[in-house]
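Q: Just a sequence and a predicted model for now, questions to come.
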Amino acid sequence: MTGLYLFVVALFGGALNSVAGGGSFIGVPALLSVGVPAVAANATTTLAMWPGSLSSTIAYREEIARARHWLMTLGAASMAGGLVGGWLLIRTSDQRFLQLLPWLMLAAAVTFTLGGRVADRLLRKAKPETTARHVPAWIVLFQFVVAIYGGYFGGGMGIMMLAAFSIAGMTDIHEMNGIKTLAAVAINGVALVEFVANGAIAWAPGLVMVGGAIIGGYYGAFLARRVSPHVVRAIVIVIAWTMTAYFFMR
């Protein structure tokens, strides 16, 4: 029953990630609830959701190719920050991470709730045209900081990147999503290498969740065409604040 429970959780989390993001809001609590230690629960959630994110980049391959000058600039910052974030996580004790988790969940919930509105407004102003080649210097540092957060925890990371890309001058919505998705894959990918090398992954539940997340991510694309992303985002916000309240009270 535990395997089925985690599979369904990952199925739902993968679907959420493909439509609006927020899969980590349920992945980490689910693993904690079946007895996985705190740091391993966070690292294993990264493992579970990463393949689904990787497959999402295929849909954006043309947009990514058009904006590759942005990716070349931000790629190094993303990977360096992801390495630092992963390094910090594996050097955090389970007890300390459980103390930090309510605050990490709160930061992610606030970002997802308020940042989504900011990103929506910026995206509505964006036009479907080729993005300028000039990449502001400040966004490299910003991306590095976001990547550290992403390698360590990551909830709400995508919304942070979307808002920053728009402010920095990206104008094509699909290119922004493509670069965001690939940057997230890079951030979590390098962090995963550290998690695996340091034995931070709970493999048995993790592999079950990988299967659920891939299927959920695939069918989430179909869901995205039938259900408003705003509805799904509202569901994620309710889950995020419920989980945040739970971890503050436990």
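A: Great, that's in hand. All of these numbers come straight from a predicted model, not from anything done at the bench.
Q: So what's the residue count around residue 183?
A: Neighbour count of residue 183, defined by other CB atoms under 10 Å: 28. Glycine gets a C-beta too; all of them are placed from N, C-alpha and C.
Q: what do you get for the one 4 residues further on?
A: Counted with other CB under 10 Å, the neighbours of residue 187 add up to 32.
Q: What values do phi and psi take at the residue lying closest to it once chain neighbours are set aside?
A: The spatially closest residue to residue 187, leaving aside those adjacent along the chain, is residue 82, at 3.7 Å (CB to CB, 6 or more residues apart in numbering). When read as degrees, to the nearest 10, the backbone of residue 82 gives phi -60, psi -40.
Q: Next, count neighbours for residue 82.
A: With other CB under 10 Å as criterion, residue 82 counts 31.
Q: Please apply the same query to residue 31.
A: Neighbourhood size, residue 31 [other CB under 10 Å]: 26.
Q: Nearest residue to it in space, ignoring adjacent ones along the chain?
A: Using CB to CB, 6+ apart and skipping residues adjacent in sequence, the residue nearest residue 31 is residue 41, 3.7 Å away.
Q: now the one you found: how far from residue 148?
A: Separation of residue 41 from residue 148 (CB to CB, to the nearest Å): 20 Å.
Q: So between the two, which is more surrounded?
A: Taking neighbours as other CB under 10 Å, residue 41 and residue 148 compare with residue 41 leading, 26 against 22.
Q: same for the helix or strand harbouring the more buried one, what does it pack against?
A: Element membership for residue 41 (DSSP states H and E) is helix 38-59. Counting contacts by 3 or more CB pairs under 8 Å, 6 or more residues apart in numbering; DSSP states H and E, helix 38-59 is packed against helix 2-19, helix 24-33, helix 68-90, helix 94-110, helix 173-197, helix 203-224.
Q: doesn't residue 188 make contact with the residue nearest to residue 187?
A: Yes - using CB atoms under 8 Å, residue 82 and residue 188 qualify as a contacting pair, with a distance of 6.7 Å.
Q: what do these two both touch?
A: Counting by CB atoms under 8 Å, 6 or more residues apart in numbering, the residues touching both residue 82 and residue 188 are 150, 151.
Q: After the helix or strand of the chain with the lowest mean pLDDT, which helix or strand is next?
A: Using mean pLDDT, DSSP states H and E, the weakest-scoring helix or strand in the chain turns out to be helix 116-125, at a mean of 58. Under the assignment DSSP H and E, the closest C-terminal helix or strand after helix 116-125 is helix 137-152.
Q: Outside of that next one itself, which residues are in contact with it?
A: 73-74, 77-89, 104, 157, 160-161, 164-165, 168, 183-184, 187-188, 190-191.
Q: Please pick the buried ones from those residues.
A: For the contacts of helix 137-152, a burial check counting by 16 or more other CB atoms under 10 Å picks out 73-74, 77-89, 104, 157, 160-161, 164-165, 168, 183-184, 187-188, 190-191.
Q: wait, what's in contact with residue 187?
A: Neighbouring residues of residue 187 by CB under 8 Å, 6+ apart: 78, 79, 81, 82, 85, 147, 150, 151, 154, 157.
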